[in-house]
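Novice: predicted model, plus sequence, below.
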Amino acid sequence: MEKPSTSARGWRDFLRDRLYIGGTWVPAEGGAVIEVTDPATGGSVGQVPDAGAVETELAVAAARAAFPAFAALTAAERAGMLHRLADLIDAHGPALAELLTREQGKPLAEARGEVGMSAAYIRWFAEEARRVYGDTIPSPWQGRRLMVTPEPVGVVGAITPWNFPSSMLARKIGPALAAGCTIVAKPASQAPLSALAWGVLCEEAGIPSGVVNIVTGDARAIGGVLTSHPDVAKITFTGSTEVGKTLLRQAADSVKRCSMELGGNAPFIVFDDADLDQAVAGAVASKFRNAGQTCVCSNRIYVQSGIHDRFVEAFSRAVEALRAGSGLEEGVTLGPLIDEKAVVGAEAFVADARAKGGRVVTGGARSKGLFFQPTVIADASAAMDFAHEEIFGPVAPVFRFETEEEALRVANDTRYGLACYFYTTDLGRAFRVSSALRYGLVGVNEGVITTEVAPFGGMKQSGLGREGSKYGIEDYLDQKYVCFGGLEERKAADAII
Ligand SMILES: NC(=O)c1ccc[n+]([C@@H]2O[C@H](COP(=O)([O-])OP(=O)(O)OC[C@H]3O[C@@H](n4cnc5c(N)ncnc54)[C@H](O)[C@@H]3O)[C@@H](O)[C@H]2O)c1
Ligand SMILES: O=C[C@H](O)CS(=O)(=O)O
């Protein structure tokens, strides 16, 4: 397979101010647009159409029309398209990463990591396409053969968040196309440009018109069509738990298949027997990645009393070493928050903690623009808002605990169940605690554990289903049971002369 040209295309070459529907680039009805701004500077990065129900109906119709022929391709043909798509993502990684940093704010190194992860998800599902096996089942009857045949569910509606505008889309486009489905995707308006860049890449990868459609604009109107349209078979959503519940309610009337990747409230537990340096490094990585704006960020840091003071001192020192600035500057490790609402949210969590006895060890205030100081708050307690709500910002509350039983009780005391982490050098504790924690993802002595080869998803109100891994394609397939009867040898009297 010929590798795509790596001719130096810049981030501007992937800018599109049109919707990608049925393989064509079209404006919103009436030409309304949404301005996309760089959260580090407030400057304009580009514009995208402010579309709604009418354009979404057109996109669903295009996806519906493309589905039969795309589903009829062989798995190898679909795998070939996905491999070409992954090769294009890799070939244009630097440009795609710069576009991502400009619209979302994360440091370039993290953006490059996200683009690389996007290609990894697509490549993983290119190969999963070739392993969608069925079953034959031993028949309980004479003269019958029983088979189970997986079939693509059909048109998929996908809605994705702003914090990982590329990889969250990859986690949906990959399995959908691998299974033979077609898709209509709506990115978040805060960071929609990376998704439209996917339209450019899909076009160049030779993915047939109408298979992938990207619609930007009015979330409520677009989501309203996707969750109710009779031609949409499945909804896959990544975002807040509250919006996930809204979409589940809307999709119920037409009983659509739903996958939900929702909010988190990750505990990060440090036992007395932990390796202190490892625990500090893990806490910084899991808390401050994307300026604390990831669903799997540590939200509550529980430290056993014997190591507590040494941890707070070492952790605060490491946090103060973080370098805040524009994500485009090499060496920057902490970018801006996505918008003013996010900064106000972080300020509110700090004010609430202070009012309830929390001690700000470092940080605690906004700096300039949409930047918020990386913050450590000691003497945190269950009375504080961030004990029960997702912070989604660079604020690290540290709670003290005495026993393993207490740590497990408080760690599990949440409606969420996405990610959790703990540090210990005791093997027995590692097995006991990883078994007792009610979370979909468990990091033991590691603070960042996401990979395309392992299932990603939550328990409780953190979601439904899994993305990535060998499990991630299952939600895009219907298992059809076929019973072949009348197979006994026909007697002479039955024979048709
Ligand atoms: N579990 C995961 O894999 C995962 C990954 C990333 C983010 N998240 C969660 O997402 C949240 C942050 O992202 P966000 O601010 O973009 O979340 P959000 O729920 O506000 O928005 C997510 C997407 O839903 C759209 N949306 C909002 N209201 C809608 C409606 N009524 N109908 C249809 N679409 C609607 C938005 O435009 C966006 O595209 C956090 O809670 C985070 O934990 C979870
Ligand atoms: O925020 C949500 C993402 O799923 C984080 S990760 O990059 O997949 O770990």
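Specialist: On my side now, so go ahead. Ligands and ions are numbered 1, 2, ... in the order given.

Novice: around ligand 2, pick out the residues from the stretch 351-497 of the chain.
Specialist: With C-beta under 6 Å from any ligand atom as the criterion, the stretch 351-497 of the chain meets ligand 2 at residues residue 450. No exception for glycine: its C-beta is placed from N, CA and C like everyone else's.

Novice: what do you get if the cut-off is 8 Å, keeping everything else the same?
Specialist: Proximity of the stretch 351-497 of the chain to ligand 2 (C-beta under 8 Å from any ligand atom) is limited to residues 419, 448-450, 456.

Novice: and the chain, by the same measure?
Specialist: Near ligand 2, when you scan the chain using C-beta under 8 Å from any ligand atom, you find 114, 117, 161, 163-164, 167-168, 171, 238, 261, 289-290, 293-297, 419, 448-450, 456.

Novice: returning to what we had before: using TSV, lay out the residues of the stretch 351-497 of the chain next to ligand 2 together with neighbour count, pLDDT and secondary structure.
Specialist: Listed next are these as TSV, based on neighbours: other C-beta atoms under 10 Å; pLDDT from 0 to 100; DSSP: H, G, I helix; E, B strand; the rest coil:
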residue	neighbour count	pLDDT	secondary structure
419	30	98	strand
448	16	98	coil
449	15	98	coil
450	16	98	coil
456	26	98	strand
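
Novice: tally of neighbours for residue 44?
Specialist: For residue 44, the neighbour count with other C-beta atoms under 10 Å is 11.

Novice: does it have beta-bridge partners, and which?
Specialist: Beta-bridge pairing of residue 44, defined through DSSP bridges, involves residue 37.

Novice: wait, doesn't it sit right on residue 35?
Specialist: Yes - the pair residue 44 / residue 35 is scored as a contact, 5.9 Å apart, by C-beta atoms under 8 Å.

Novice: show me the contacts for the closest residue to ligand 2 within the stretch 301-450 of the chain.
Specialist: Across the stretch 301-450 of the chain, no residue is closer to ligand 2 than residue 450, which sits at 3.3 Å (C-beta to the nearest ligand atom). Residue 450 makes contact with 117, 296, 441, 456, according to C-beta atoms under 8 Å, 6 or more residues apart in numbering.

Novice: same deal with residue 239?
Specialist: Residue 239 touches 159-161, 188, 261-262, counting by C-beta under 8 Å, 6+ apart.

Novice: which of these fall in strands?
Specialist: Of the contacts of residue 239, the ones assigned to strands by DSSP state E are 159, 261.

Novice: list buried residues within the contacts of residue 239.
Specialist: Neighbour-count burial (16 or more other C-beta atoms under 10 Å) is assigned, among the contacts of residue 239, to 159-161, 188, 261-262.

Novice: return the member of those nearest to residue 148.
Specialist: Closest approach to residue 148 among the buried ones among the contacts of residue 239 (C-beta to C-beta): residue 261, at 27.4 Å.

Novice: contacting residues for that closest one?
Specialist: 168, 171, 237-239, 295, 456-458, 463, 465, 467.

Novice: report how many residues lie close to residue 377.
Specialist: 24.

Novice: paired strands for the helix or strand containing it, with orientation please.
Specialist: Element membership for residue 377 (DSSP states H and E) is strand 375-378. Applying DSSP bridges to the sheet, strand 375-378 is found paired with strand 359-362 (antiparallel), strand 395-401 (parallel).

Novice: nearest to ligand 1, out of these?
Specialist: Closest among the strands paired with strand 375-378, using C-beta to the nearest ligand atom: strand 395-401, at 14.8 Å.

Novice: stretch 455-472 near ligand 1 at all?
Specialist: Yes - judged by C-beta under 8 Å from any ligand atom, stretch 455-472 and ligand 1 are in contact via 456-458, 462-463, 467.

Novice: of all those residues, which two lie farthest apart?
Specialist: Pairwise over those, using C-beta to C-beta, the maximum falls at 462 and 467, 12.4 Å.
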